[in-house]
Structures are given as C-alpha cells and as structure tokens.
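Enquirer: Predicted coordinates and the sequence they were generated for:
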Amino acid sequence: MSSESRHIPFSRPLLLGTEADCLQRALSNQFFSGNGPIAHGCEQRLKELCNAQGAVLTPSCTHALELAALLCETGPGDEVLLPAYAFSSTANAFAMRGAVPVFVDVRPEDMNINPRLLEQAISPRTKAVVALHYGGMACDMDALTAFAERHQIYLIEDAAQAIGATYRGRPLGSFGHLAALSFHESKNVHCGEGGALLINRTEMTERALPMRNKGTNRHEFLAGKVQAYEWTSPGSAYLMPELNAAFLHTQLQALQTVNKHRQKLWETYAKGLQPLEEAGLLQLPHPLPEAAHNGHLFFIRCRSAKERLQLSKQLSERGIEAYFHYQPLHLSPAGKRYGRKPMPLPVTERESQRLLRLPLYYELQMEDVEYIVHAIRDILGG
Ligand SMILES: Cc1ncc(COP(=O)(O)O)c(C=O)c1O
C-alpha cells in the first residue's frame, strides 16, 4: 500500500469473532442483570489470572475505584497519595468521598509514581497510596508495599491498563489490599465498558457484597439466609450486566495470546527506535527490570512540546494517528480545587508535555509498526 493511502488508526477495540457464542449462552439463560453465572465465571477466572483472593466485576474501572474508596472508608479529613500523572477517575474516586488527593511526582522512565518522594508527601491524615501501573508497566512494588506497611495505610493498585502484567513474576493486582481493572474497549481485553475490583482481604470481600448491590443484603436473601433483604450499608449499583460479562468471558480466554502479540509489537517499536534514542532525538519507555509489561501502550518522549506537535502532525499526514495522554492532575481545574500538591512536580509537568503514544492494538501488524518506525526515523532524521 502506498503511504498516501495508508491509514493506521491509533486504536481498534479487540473483536475476536467468537463473542456471539457466549452472548447467545447468556440469552438462553435468560439472565441479564448483575451477579449472573457468566459474571461469576469471569470473577473466578480473574482470581486465577491475577492471583487475587477475591474479584468482583463492576460497570467500569471508575466504579471499581469508587468501591475501593468506599471499602477503605476514605472521607473528609483523609488524604490519598497518587501520581500527578494519572487519569481523572484515579483522583475522583477519593475526592467524591471528601478525601484529598495528594499529588506525587513520577519517574520519567515509566511515568509511574516515584516511591522516593512518598515520605515527603505523607501526613498524619494519609489513609492510602495508589500504585497506578502506567501502560501496564509495574510500579516499584517492593518500595510501595514496604511504604504502605511501614505507615499502616492501604495500598490500592490502579491496574486499569495492567491485566496480565507482572512484577517479579507475580501478577499485578495481587499486591494491593485492592486493585482496580478496566475492561473499557481501549484495553487489551474488554466488554465495551466494564471493570473489576480485585480484593485481597477476606473481610473486605464480605463488605463489598452489599456495597455493590445498592447497599443491601440481597445476596443473603438469594442464598435463602434471610426472609427479606434490606438496606444494610452504604453502597451503589456496582454490578456488571450479564451480557457485558458474556462478552468479557470470551475475551478473557484470549488474554495470553493478545498480550503476547501486543508485547511483540511493543518490542518492535523499542528496538526500531533505539537508534533515535541513542542519537538523543527522543526517549523511550524503560520499565523496571522486575516488571514484565502487557504491551498495553507504547510511548515516546520528544525533545520538546513543540517537536511533539510537529511530529504528531507529520505522522498524521502519513496516515498515522498518534496521541498525547494525561494532562497533569494538579494543573487541572478539579485537581486545583480538590487536591494538594506537597512538592514541585517537574517530571510530570515536563514529560506529560513531550509524551506521544503510538498505535498499539491486537489487529496491528508487525509491518505497520515497521512503517511507523520508519516514518519517525524519516521525520526526525535518525
Ligand atoms: C489509569 C486509569 N484508571 C482508571 C481508568 C478508568 O477506566 P474506565 O474507563 O474503565 O472507568 C482509566 C481509563 O482509561 C485509566 O487509564
């Protein structure tokens, strides 16, 4: 195909072609609300995949984070440490309960929270720390686990992008008291909109049941343990509908195959662009040596914001879509209003303005990546 007619979208939702079989099973079961048999099958699979003690499907990762905030009983007077380079939902879940998100700077190599800065950010009000594994690259979980234990605070993983990734061979999602996953269509596996909360404390799993079912003990009623169900705790509607679970069930079966292909594409980018990094023309992501990522996203960092804009425009002229990512939370209107900034955040501010994400999804072919690498080399002159 000539470069003029070539179009490489930034992302394409995964469609295996076999989803209809499981959807048909859900239709035959005539079960459509939450907590259905297929949803339970997914939860079992997630427990195995992520080595988690408990797993509950939610309507999104945003809802899973909100459920995490409820389970930790964060509220007015509490603070939660999280990276300044993060998604709105990561902070909103806590801000919505009246707690203050406290912004910590990130490491430039992987854009994950810098554990060396945590001691500067902690206060007597700190209730939890959030480990957001950017692009499926693990945070320094040795340091974060030790920090949370030392200060007796909750460790919550925002593993929205991290399913199937590991740290020292152990699945992400198994480290925190709680971990939130996303199954939005932009993720490695998905169901359109969806999420899950992994729960690594038995006591919390029990408390989560009413919280996700409108604050009622309906689960006890359905199990024949009580004659009527009633309002027993704070809660909301945090169940995933069975049709979404059916779609997800099929996709979860393909997780390993999908991640493997995405990892190969990621490696091809990294290898192809390495000479440009060596020439000082751009910078590549550098996950921790203990981290095995899941190929969720690939980014480069240009030398300046201006160069990034030019590069994205020139790539677009060659039919290649490439996008920026998070705007620093502490500079956003809501971040300024609800958050606290206990330190300067130079890495977040500088790197977020230089970061450009390149296309990466299951349908993308190796030759597409080679074409993109070639285009970047051509434009930057490497
Ligand atoms: C780090 C992070 N956390 C949370 C979310 C929210 O996920 P969802 O769209 O499933 O609510 C996202 C969305 O992409 C994300 O990137």
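Expert: Great, that's in hand.
Enquirer: residue boundaries of the strands in the stretch 51-200 of the chain?
Expert: 54-58, 79-83, 100-104, 126-132, 154-158, 166-167, 170-171, 178-182, 195-199 (DSSP state E, counting those that start in this stretch).
Enquirer: which residues are contacting the stretch of helix or strand residue 28 belongs to?
Expert: Taking DSSP states H and E as the criterion, residue 28 maps to helix 19-29. Identification of contacts with helix 19-29 by Cβ atoms under 8 Å, 6 or more residues apart in numbering yields 32, 36-38, 242-243, 245-247, 249-251. Placement of C-beta: from N, CA and C, glycine included.
Enquirer: any chance of these in CSV, plus pLDDT, secondary structure and distance to the ligand?
Expert: As requested, those are exported to CSV (pLDDT from 0 to 100; DSSP: H, G, I helix; E, B strand; the rest coil; distance: Cβ to the nearest ligand atom, whole Å):
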residue, pLDDT, secondary structure, distance to the ligand
32, 97, coil, 21
36, 96, coil, 20
37, 97, helix, 23
38, 98, helix, 19
242, 98, helix, 18
243, 98, helix, 17
245, 98, helix, 15
246, 98, helix, 18
247, 98, helix, 14
249, 98, helix, 17
250, 98, helix, 18
251, 98, helix, 14
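Enquirer: Buried by neighbour count, from the residues you listed: which ones?
Expert: Neighbour-count burial (16 or more other Cβ atoms under 10 Å) applied to these gives 36, 38, 242-243, 245-247, 249-251.
Enquirer: In CSV: those, plus distance to residue 223.
Expert: As requested, the buried ones among the contacts of helix 19-29 are exported to CSV (distance: Cβ to Cβ, whole Å):
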residue, distance to residue 223
36, 15
38, 19
242, 18
243, 24
245, 20
246, 23
247, 27
249, 23
250, 28
251, 29
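Enquirer: Surely residue 295 is in a helix?
Expert: No - applying DSSP: H, G, I helix; E, B strand; the rest coil, one finds residue 295 to be coil, outside a helix.
Enquirer: so what's residue 349 up against?
Expert: 328, 331.
Enquirer: Dump the strands of the stretch 51-200 of the chain to a markdown table, plus distance to residue 262.
Expert: Shown next, in a markdown table, are those (distance: least, Cβ to Cβ, whole Å):
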| stretch | distance to residue 262 |
| --- | --- |
| strand 54-58 | 22 |
| strand 79-83 | 23 |
| strand 100-104 | 28 |
| strand 126-132 | 19 |
| strand 154-158 | 19 |
| strand 166-167 | 15 |
| strand 170-171 | 16 |
| strand 178-182 | 15 |
| strand 195-199 | 20 |
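Enquirer: Tell me which of those lies nearest to residue 292.
Expert: Counting by Cβ to Cβ, residue 292 lies closest to strand 166-167 out of the strands of the stretch 51-200 of the chain; the figure is 4.7 Å.
Enquirer: Neighbouring strands - and their directions - for that closest one?
Expert: strand 170-171 (antiparallel), strand 291-292 (antiparallel) (DSSP bridges).
Enquirer: neighbouring contacts of the host helix or strand of residue 337?
Expert: Assigned by DSSP H and E, residue 337 belongs to helix 333-338. Identification of contacts with helix 333-338 by Cβ under 8 Å, 6+ apart yields 88, 91-92, 95, 100-101, 103, 328-330.
Enquirer: and with 6 Å instead?
Expert: Contacts to helix 333-338, defined as Cβ atoms under 6 Å, 6 or more residues apart in numbering, come from residues 95, 329.
Enquirer: For it, list every residue counted as buried.
Expert: 335, 338.
Enquirer: what's the answer for stretch 201-212, then?
Expert: Buried, per 16+ other Cβ under 10 Å, within stretch 201-212: 201, 204-205, 207-212.
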